[in-house]
Each structure stands twice: as structure tokens, then as C-alpha cells.
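>>> could you work out the structure for the sequence below:
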Amino acid sequence: MRLTARAALAAIAALLPLSTAQAQTVYVSNERGNSISVIDGASGKSLATWPVGERPRGITLSKDGRFVLVCVSNDNAVKVIDRQTGKILREIGAGQDPEQFFLSQDGKTVFVANENDAAVSAIDLASGRVAFQVSVGKEPEGIAQSPDGKWLVVTSEEDNAVSWIDLASHAVVSTMETEKRPRHVEFTADGKQLWIAAEVGGVVQIADPQTRAITATIHFAIPGVADYKIMPCGIRFTPDGKTAVVALGRADRIALVDVASHTIKTTIPVGKRVWHLALNADGTRAYTANGLSNDVSVVDLVAGQTIATVPAGVAPWGAVAGD
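Sure thing, here's the model as predicted:
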């Protein structure tokens, strides 16, 4: 049997050890496995599985890097986990069905999208109390704070909209229409662009935070992949700010997009139904949470190929990486 050039390269890469220069630990929330998979990003091997409760989704690290924070949706809680031991140290009530969250710039507050409450809750981490709550559109999910700390944006999947919350007044001051079912939002580091992944719309839209208006729409076309399978979700920017890495759902691909021109550089095959992803510290690797193949793809973003596949729990959903 003859291998294609891509398949041959992938086969060779699978036999080689992964570079220790890229050492990171990756934490993946398994939505149906009720667990977090801990993966060594250098070797591409599983290290541990931590039970965390029912339906973990949004996941991040504390600012000091000591703790993993995860939204456990069916437990209506944000759980704080010791990175060294995997032990749950605290359970913070987070409203009905917390799906995604965003850790504030100072690391003191988590802003939680409560899907069943149609609201955003701001929770003080020190006290575990809700500082304030803001009503938004139906089925809120994607959430992000602007780099200047002034704005909180949250998607409404059912309303096909993004709400702009003024953090000084704790009020929605603007609602912006989007394509169908926006799932994720991400600001560029300079705060000049807001990228919005519209899952059912099959596009990524870009808004100007100054005018709060859509200024560009990125369409994805992949040979051999039906348009309806292209379902943008997670977005991460490389540390140099030049490239957006976009998870494309049932297309089983990630896309690398030039941030300045909004042009697609390439798409890279990964596991099935990629939801979210994490990048390593220098932006040379991506780790994708593949919800239907129950694994994580380790992607060399420079070479443009998947170099390892790591088993995870059932239905991987979110991912975060740390030193």
C-alpha cells in the first residue's frame, strides 16, 4: 500500500519523540466523562484523569498558575483544583448551568455565562460570592473581557447576538447581531478586534470594539468537506498576535488565519468534532479537544500537521495549557 506524502510524514512523526523544548501540561475537560485529562505536551502522553463532577466544560488556569478552574455545568459550580494533586479545593456556586467563563485581568473575578439563567454572573474568587449579575440573551456561552478591562462581551446562541456589558455600570449597553449560533468570542491582544465564532453560520465574524459593528466575515471552504460540517468554535491567537487558530467542529480541522488580512493560510486535519483548543507558550503547537473521537490532537503549527494523538476521556470539550 502506497502512502500519500502527508500520510508518510505523519507516520514518521509518530515514531519520533516529541521535542522537550515544547514542554507544557495540558488540561482537557471531558464533558460526558465527568473528568479532566492531564496530558504531557512534550511527550504526548496521558498523565492522569481527575474526576470533577457532572459535565465539565469551560476550563482555565489561575493567574499564578497554581490551580485549574473548571465550569461543572450540571453541578452549577466553578471548581478550583490543585494542579499538583488533582484535588478539588473549593466549589463555588455559579448559577444555573455555567458553561464558559473568563478570568478577569487581575485574576480576582470569574465572569460566568449561565446558560439556563440567560445571565452573566461575576463571582469574587476570594469570597465565592456573586458580586453582580447581568441579564443577557438566551443561551449565553462565549464570554471575554476586553484587554483594557472596560467591556465584557457574551454570545447568545439562541438570539444570534453578542451583548456588550459596561463593567463600570454592570449594564448591557449594546447588542450586536451575528450569524447563527455564536459559540465563542476572543479579543486580539491589542483590543482592536473581537473575533466571533458562529457555529451554525459556518463563519468567523470580526467586530470593531470602538463601533461595536461587524467589519469582516471569514468563510471557510475545505475540499472534500461539506459546508454544513464547518462549525467554528474555539479560537486562540498565537503569542505574536499574527495568527488565529480556529477549531472547525465537524469539519475535523483547525484553520490558521492571518489576523492582519483575515485570509486563511491553511487547514490541518485533527480528531473528530474539535470543540476548543489550547496553544503552547511559544505558539508553535496546538492541543485540540476532539469531542467525538475522545482524544486530543497535538498539532505542529509550523509544519502544519498533527504529530500525535492522545486518548482523553469521553467527549473532550475544553482545553488549557500551562508550564
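>>> so, low pLDDT: which residues of the protein?
1-23 (pLDDT under 70).
>>> which stretches of it form helices?
With DSSP state H as the criterion, the chain has helices at 5-15.
>>> any idea what Val257 is bridged to?
Ala244, Ile264 (DSSP bridges).
>>> Gly41: how many residues sit nearby?
Around Gly41 there are 25 other residues, counting by other Cβ atoms under 10 Å. Where C-beta positions appear, they are placed from N, C-alpha and C, glycine not excepted.
>>> show me the contacts for the residue nearest to Glu115 when sequence neighbours are not counted.
With sequence-adjacent residues excluded and distances taken as Cβ to Cβ, 6 or more residues apart in numbering, Glu115 is closest to Asp97, at 4.2 Å. By Cβ atoms under 8 Å, 6 or more residues apart in numbering, the contact list for Asp97 reads 73-74, 76, 114-117.
>>> what count of nearby residues applies to Gly58?
26.
>>> returning to that earlier point: out of the contacts of Asp97, who's the most crowded?
Ser73 (25 neighbours).
>>> look up how far Ala319 lies from it.
In this view, Ser73 and Ala319 are 16 Å apart by Cβ to Cβ, to the nearest Å.
>>> cool, Gly291 as well?
11 Å.
>>> those two: which is more packed in?
Set Gly291 next to Ala319 and count neighbours by other Cβ under 10 Å: Ala319 wins out with 28 against 24.
>>> my guess is that one contacts Thr25. True?
No: with contacts counted by Cβ atoms under 8 Å, Ala319 stays clear of Thr25, the gap being 11.3 Å.
>>> what's the neighbour count on Val274?
31.
>>> partners of it in the sheet?
Beta-bridge partners, per DSSP bridges, of Val274: Gly249, Asn290.
>>> does it really touch Cys233, like I thought?
Yes: counting by Cβ under 8 Å, Cys233 is a contact partner of Val274 at 7.5 Å.
>>> overlap of the contact sets of those two?
By Cβ under 8 Å, 6+ apart, the residues touching both Val274 and Cys233 are 247-249.
>>> which of those ranks first by neighbour count?
Neighbour max across the shared contacts of Val274 and Cys233 (other Cβ under 10 Å) = Ala247, 29 neighbours.
>>> and stretch 110-122, C-alpha only, in PDB?
Presented in PDB, the C-alpha positions along stretch 110-122 are these (Å, rounded to 0.1, in the frame of the first residue of the first chain):
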ATOM      1  CA  VAL A 110     -14.600  35.000  37.200                       C
ATOM      2  CA  PHE A 111     -17.300  36.100  34.800                       C
ATOM      3  CA  VAL A 112     -19.600  33.100  34.200                       C
ATOM      4  CA  ALA A 113     -22.100  32.600  31.300                       C
ATOM      5  CA  ASN A 114     -25.100  30.900  32.900                       C
ATOM      6  CA  GLU A 115     -27.000  29.200  30.100                       C
ATOM      7  CA  ASN A 116     -30.200  28.400  31.900                       C
ATOM      8  CA  ASP A 117     -30.300  31.800  33.700                       C
ATOM      9  CA  ALA A 118     -29.700  33.800  30.500                       C
ATOM     10  CA  ALA A 119     -27.300  35.800  32.600                       C
ATOM     11  CA  VAL A 120     -23.700  36.500  33.300                       C
ATOM     12  CA  SER A 121     -22.500  36.200  36.900                       C
ATOM     13  CA  ALA A 122     -19.400  38.000  38.300                       C
END
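>>> just the residues contacting stretch 223-238, thanks.
183-184, 186, 188-189, 195, 197-200, 202-204, 220-222, 243-253, 259, 274-279, 283, 286, 289, 301, 319.
>>> please check those and keep the buried ones.
Applying 16 or more other Cβ atoms under 10 Å to the contacts of stretch 223-238, the neighbour count classes 183-184, 186, 188, 195, 197-200, 202-204, 220, 222, 243-253, 259, 274-279, 283, 286, 289, 301, 319 as buried.
>>> which phi and psi values does Asn34 adopt?
phi 60, psi 40 (degrees, to the nearest 10).
>>> help me confirm that it comes into contact with Gly53.
Yes: counting by Cβ under 8 Å, Asn34 does reach Gly53; the two are 6.2 Å apart.
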